[in-house]
Structures are given as structure tokens and as C-alpha cells.
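# sequence plus the predicted model coming up.
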Amino acid sequence: MKRTAWVFIAVGLMMVCGEVAQALEGVKPYQVINRLRLEYDDNIYQEETDKNDSIKIIEEIEIMLNYRLEQSFLSLRYRPSFVWWSDREPDDTDLNHEFDLIANHTFTPRLALSLVDTFRRGEQPELTDRDVVVREKDDFIYNTANGTLSYMFRPQTRLDVAGRYILMRYDEDAVSDTDDFDLLVGGLTLRHQLVQETAVLGELRIEDVDYEGPDRGSATLSAGAGVEHSFSQNLLGMLHGGYQNKEYNDNDLGSDSSPYADLALTYLPTPATRLSLGGGYSLFETDVYPFANQTRARVYASLAHDFTARISFYLSGAYSDSEYDAEDSIEADTVTDGNEQLVLVSARATYQLNRSNWLEAGWQYQDFTSDLENTAGDSLRESYDRNRLHLGWKLQF
């Protein structure tokens, strides 16, 4: 069956579910949003030199269904998108699918379960999740499933038992033979509210990652503590930190250990303005073969402001620096130590025409620099910079 047929079938099923839920509840539990964008991309192949540009037309529909019972909540979101490129060879179209599920259930006032699943089926991926840049030019399937069971010992103390499973699969054998991976995470977090403004927590996490092909998988144990504090009604902060130990499946690699930290601040100077910033440092998995690890530092910031009830503006930026050690490679004699840096900037302005229609203008910028090389002096990945500008129309009904 053609891919477009699957899109229409899925859309129809979502609409039927919405009508059924509406009949049961007597309300309209679904929402449909259509977006049409015209975009200019100045580096469609992500090349350092001899760049190629193209105009894109992007049509996407987003269908959301929310269903609430006394102790349960279910949210479904499906977003297919079709992209046409005016000047891209050999394929001038992309068809992408996004599906998200959120399910919450409260068994008792003390015990609750939360499930979140994110599925992506796309072509030529760039960003998937956890700010991981995927550079392979290939169709892919990506899925992440998260589950958290929370138990309240008393009003001030809660234990979260959480698990996560991430799957990445590429279509082309040449890519999937080394870059397909499975990531399994399990963890415990004990959170205690000291006072109304301050909470402390302790966390323990086990993470196991396995790649296709030569074994560059690993198991990581992380243990740490954190504090969350409301400095005022307008300023919130969070700091987590601890220590990680990573044991590689390949005995020749041994192990790595490092401190880790995450910091986040949110400031709301007025009801119309929101400023967020943060950063992190940790050992991290990598899609760069033959490395089995990277040490990544990252900082980010975002600003959202409503000029009026109709006009809104959003600006965000992020910078990450990744260090690669040849000793953390399963082919250590073929590569050298290296570094990768990524800058991401995006800006977006929206104007609400009426209750159902919005106009949007945006800009996205990427600057990726890599000096990873093999011992013969050949680059493992190509550096590039890229600008994308778009104008769009959103219709909600």
C-alpha cells in the first residue's frame, strides 16, 4: 500500500476516535491544525563548500485527541507532513510521520502511572531527541517509550521508578550495519519537599546502549543528588549533579568515569515574558562510528514574549561541545582524538488574525564544526553551516 494511503487511513481513524469520544462525553475532545509553509534552505545537502539551495513547500496536518476519565487521561497526536523541494536530486519529496501518546492513571491518591511514547518515521533525519544530531542521509524509524510509576510515601516525599527504551533503525544496510541502536534506561528518584520553596532529591540511573555491527555498546551507572528552588514567584532554579561510570562491552576499552551536572533557570519578569537558560555536562552515546563515547558540554537559552494578545515572538539558542577520545574507539589505531561543536539558533514570530488563523515567520541557523579524522587524515564528518527561512499559515479548527 502506498504511503499516502496510510496517511489517510490514520487520519480517518483519529477522526473516528474523536467522534466516538465526543458521543460518549458530549463535548469535542479533538483538535485539528493545518500548517502550510514556504521555506528557503541555503544548504540542503549540509556541505561545507559548493552549497546547493532550494525552495520547499511543507504541508502538514496535526490531529490531537484528548480523553479524560475520573482517574485517567489519554492524549494522542498524529502529524503527517509532506515536503516538496524545488531543486533537490534525486528525490524531490519527503513524507514524514510523527505520533505521540500520553497516558496517565491514578490508582490511588498515593500511586500513579505515567506513560509517554514518541514515534518518528522520516527521511533524512537531523534532530531526533535529547538534542542528538543525526547526520546520516537515510530514511529512519525512531521511537522512545517512557514510563514512570510514582508512589507518595507522605505529602512531602515521593519515589519515582522510571524506565525508558529508545530504538533507532535506518533503512539502508550500509548505515544500519553500524548505526542502528537500542538504549535502555532504568532509574530511581527520591524527592523530598523540605519547605514550600525548596525540594531535594537523590537519583540512581542505569543505562545500557547496544549498536549494530562491531560491539561499541556500554553500560553506565549514574548516581547523584539535586535541588529545586523557587527564589521568588518569578524565578525558579534546578541543579542536579553526580558521578557516572561507563563500562564498555569491548573489554579492550575498559571503562570511563566522569562527574555530570545539569542546571536550569526560568525567569518570568512579566506575565508576557518567559526566559529560560541552562546547561549540562556528561558522558553521552554517539552516532559517530567507530567511537563508543563522547563527553558533551551544552548550554542553551530561550526567550518568549507576547507583544500583544495577537503578536508573539520566540528566540532560542544552544551550543554544544563534544570531545572524542581515540581510546574510546573500537578501532583506536584508525582514528585520532577530535572535537565537534554545534550552534543552533532559531527565531519565530506569529500574528493571530482571528480565532482560527495565524501567520508565522521564522529563521533557523545551524553551524556544525567537526575535526574528527582517521589516521590517514580523512574527515569522518563534514562541517557545514545552514540557514532556513520560512513563511507560514496555521489554521486551527
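Cool, the structure landed.
# if I look at residue 147, how far off is residue 280?
For residue 147, the distance to residue 280 equals 23 Å [CB to CB, to the nearest Å]. Placement of C-beta: from N, CA and C, glycine included.
# likewise for residue 319?
When distance is defined by CB to CB, residue 319 is 12 Å away from residue 280.
# before we move on, what about residue 97?
Residue 97 sits at a distance of 30 Å from residue 280 (criterion: CB to CB).
# residue 101 now?
For residue 101, the distance to residue 280 equals 27 Å [CB to CB].
# who has more neighbours, those two?
When residue 101 and residue 280 are compared for neighbours, residue 280 comes out ahead with 19 against 15, by other CB atoms under 10 Å.
# for that one, which non-adjacent residue is spatially closest?
Counting by CB to CB, 6 or more residues apart in numbering, the nearest residue to residue 280 once its immediate chain neighbours are dropped is residue 262, at 4.4 Å.
# now for that neighbour: which residues touch it?
Contact criterion CB atoms under 8 Å, 6 or more residues apart in numbering gives 226, 238, 239, 240, 241, 278, 279, 280, 282 as the residues in contact with residue 262.
# what does the pLDDT read for the fourth one?
Looking at residue 240, its pLDDT reads 97.
# which stretches of the stretch 1-150 of the chain form helices?
For the stretch 1-150 of the chain, applying DSSP state H, counting those that start in this stretch gives helices covering 3-25.
# now stretch 59-71, how far from the chain's geometric center?
Offset of stretch 59-71 from its chain centre (CA atoms, centre = their mean, to the nearest Å): 20 Å.
# pLDDT averaged over that stretch, what's the number?
Mean pLDDT, computed over stretch 59-71, is 94.
# and it, what's buried?
Under the neighbour-count criterion of 16 or more other CB atoms under 10 Å, stretch 59-71 has 60, 61, 62, 63, 64, 65, 67 buried.
# which of these lies closest to residue 36?
The shortest gap between residue 36 and any of these belongs to residue 60, at 8.1 Å (CB to CB).
# which residues touch the closest one?
34, 35, 79, 80, 81, 82.
# so what's the residue nearest to residue 280 bridging to?
Residues in a beta bridge with residue 262, per DSSP bridges, are residue 240, residue 280.
# wouldn't residue 147 be in contact with residue 113 here?
Yes. Contact status for residue 147 versus residue 113: in contact at 7.3 Å, counting by CB atoms under 8 Å.
# residue 274 is in contact with residue 268, correct?
Yes. Under the criterion of CB under 8 Å, residue 268 is in contact with residue 274, at a separation of 5.5 Å.
# name the residues contacting each of residue 319 and residue 280.
When contacts are counted by CB under 8 Å, 6+ apart, the set common to residue 319 and residue 280 consists of residue 298.
# now the strands for the stretch 1-150 of the chain?
Assigned by DSSP state E, counting those that start in this stretch, the stretch 1-150 of the chain shows strands spanning 30-41, 54-68, 72-85, 93-106, 111-122, 140-154.
# other residues contacting the fourth one?
Think strand 93-106. So strand 93-106 is in contact with 3-4, 7, 10, 71-85, 112-124, going by CB under 8 Å, 6+ apart.
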